[in-house]
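> Got a predicted structure here, sequence first:
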Amino acid sequence: MKLQKTIDVKLGKHRVGHEDLPYIIAELGANFNGDFEIAEEMVAKAAQTGIQATKFQSWTKETIMTRALYEGKPAEITSFGHSTQAELFDALSLTEADHHKAKALCEKYGLEFSSTPTSFRDVDLLVDLDVPFLKIASMDLNHPAFISYIAGKKVPVILSTGMGTYEEIDAAVKLFEEAGNDQLVLLHCTSLYPPEDNEINLLNLHDLGERYNYPVGYSDHTLGVTIPLAAVAMGAPVIEKHYTLDKGMEGWDHAVSATPDEFAKIVQESKTILAARGQKQRVLSDREAAQKPTFRRSLVYDADLEAGTVLTYDDITYKRPGTGISPADYQSLIGKKLRTAVSADTLISVDDFD
């Protein structure tokens, strides 16, 4: 995977791939359960973890599904006090005023605010709110009119590729290029909640990175923090993961979401991983180079030898320290005549020979 992209993308204050930490997005989505007191607690605790952004979802029951999917359907989550799906979706959706409130809340705690639009009107609202980026959900990867509209806004965009074929991703990327918008980040994503380990395919990060000239991040739906950290190790400069205060809360995504403690671990372990990942070139640090005299071996006499002895392979052994002649140079000494007697288990010196 190309860790340094040709195209430089900026999300808010952050240059993707140029920071000391991946751009980490905690997706609140609907996990604040329509309650802004919960939302404030979530944002406040998220800010303490060291992440950069929190993201909501912009939809209403009219923009997300057809009426037939609501009519006569009981609510999936009964503890919210709503008996029908329509009532539940109304309770969990954001009004225009809610969007302003969500943005103010994020800014209060020093986090960047964004959201995933599901309608053209949502796009306009979020652009007017001056979000640092827009997120296109995997469900809209095959929605060219919507993608073109968003690309034309000339704001940075994160495009999730869940359920997508290369043909669909190619077509979406082309729409951005036709719009003259190169501020695009692709996210490898598996649209399962959660996926099995063998369904994650993290190596696709490499292939997407080679195929497209844009940064490639990772949108995670797995349990725990192992897989997003593995994505960081593989070079992903953007990490998105659902966020909750409690995996046991009633709601849609809490079980596959990360808690504040888990986000803090992602941040801290990412710093360690980035420091360890280093650079592609083979480089020895001064500290490692200084180990050579201690850890390497030298050519050593394997027996007491008299002056005039012609050195053979059997007269040589190899031991620490590495301050003498390197084992790599042993052949240059074979056949040379000793000008002085030498003792076993001592370093061989070029001065010992005629």
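Okay, I see it.
> can you map out the helices along the stretch 251-354 of the chain?
Applying DSSP state H, counting those that start in this stretch to the stretch 251-354 of the chain gives helices spanning 260-277, 286-289, 292-295.
> got TSV for those, with distance to residue 117, mean pLDDT and mean neighbour count too?
Quick note: C-beta positions are derived from backbone N, CA and C, even for glycine. Formatted as TSV, those follow (distance: least, Cβ to Cβ, whole Å; pLDDT from 0 to 100; neighbours: other Cβ atoms under 10 Å):
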stretch	distance to residue 117	mean pLDDT	mean neighbour count
helix 260-277	24	96	17
helix 286-289	50	95	8
helix 292-295	58	96	12
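> Out of those helices, flag the one nearest residue 49.
Residue 49 lies closest to helix 260-277 among the helices of the stretch 251-354 of the chain, at 4.2 Å (Cβ to Cβ).
> Please name every helix or strand in contact with the closest one.
Packing contacts for helix 260-277, counted by 3 or more Cβ pairs under 8 Å, 6 or more residues apart in numbering; DSSP states H and E, involve strand 23-29, helix 36-47, helix 226-233, strand 238-242.
> ok, the closest residue in space to residue 45 that isn't next to it in sequence - contacts?
Closest residue to residue 45 apart from its sequence neighbours, by Cβ to Cβ, 6 or more residues apart in numbering: residue 260 at 4.2 Å. Residues counted as contacts of residue 260 (Cβ atoms under 8 Å, 6 or more residues apart in numbering) are 45, 46, 48, 49, 245.
> Of those, keep whichever come out buried.
Neighbour-count burial (16 or more other Cβ atoms under 10 Å) is assigned, among the contacts of residue 260, to 45, 46, 49, 245.
> which residues does residue 121 contact?
Counting by Cβ under 8 Å, 6+ apart, residue 121 touches residue 63.
> That one and residue 106: what is the separation?
Per Cβ to Cβ, to the nearest Å, residue 121 is found 21 Å from residue 106.
> go on, residue 210?
35 Å.
> ok, these two, which is more surrounded?
Neighbour count, other Cβ atoms under 10 Å: between residue 210 and residue 106, residue 106 has more, with 23 against 11.
> could you dump the buried ones among the contacts of residue 260 to JSON lines with pLDDT and distance to residue 189?
Putting the buried ones among the contacts of residue 260 into JSON lines (pLDDT from 0 to 100; distance: Cβ to Cβ, whole Å) gives the following:
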{"residue": "45", "pLDDT": "98", "distance to residue 189": "25"}
{"residue": "46", "pLDDT": "98", "distance to residue 189": "21"}
{"residue": "49", "pLDDT": "98", "distance to residue 189": "22"}
{"residue": "245", "pLDDT": "97", "distance to residue 189": "24"}
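> among these, which two are most distant?
49 and 245 (12.3 Å).
> was I right about residue 122 contacting residue 115?
Yes. Under the criterion of Cβ atoms under 8 Å, residue 122 makes contact with residue 115 at 7.4 Å.
> between the two, who's got more neighbours?
A count of neighbours by other Cβ under 10 Å puts residue 115 above the other of residue 122 and residue 115, at 27 against 22.
> unless I'm mixing things up, residue 141 is touching residue 166, no?
No. With contact defined as Cβ under 8 Å, residue 141 does not count as touching residue 166 (11.3 Å).
> neighbour-wise, which of the two wins?
Higher neighbour count among residue 141 and residue 166: residue 141, with 23 against 12, using other Cβ under 10 Å.
> Would you mind giving both backbone torsions of the more buried one?
Per-residue torsions, residue 141: phi -60, psi -30 (degrees, to the nearest 10).
> Give me the below-cutoff pLDDT ranges for this protein.
For the chain, residues meeting the criterion pLDDT under 70 lie at 1-6, 78-79.
> which residues in it form strands?
10-11, 14-15, 23-29, 53-58, 112-117, 134-136, 157-160, 184-189, 216-220, 238-242, 298-301, 316-319 (DSSP state E).
> Return the most buried member of the ones you listed.
strand 216-220 (a mean of 30; mean count of other Cβ atoms under 10 Å).
> ok, and what's touching that one?
With contact meaning Cβ under 8 Å, 6+ apart, strand 216-220 is reached by 1, 16, 22-23, 138, 158, 160, 162, 185-189, 202, 205, 208-209, 227-228, 231, 236-241.
> do the same with stretch 302-309
Contacts of stretch 302-309 (Cβ under 8 Å, 6+ apart): 311, 314-317, 337-344.
> and that stretch, which residues are buried?
Neighbour-count burial for stretch 302-309 [16+ other Cβ under 10 Å]: 302, 305.
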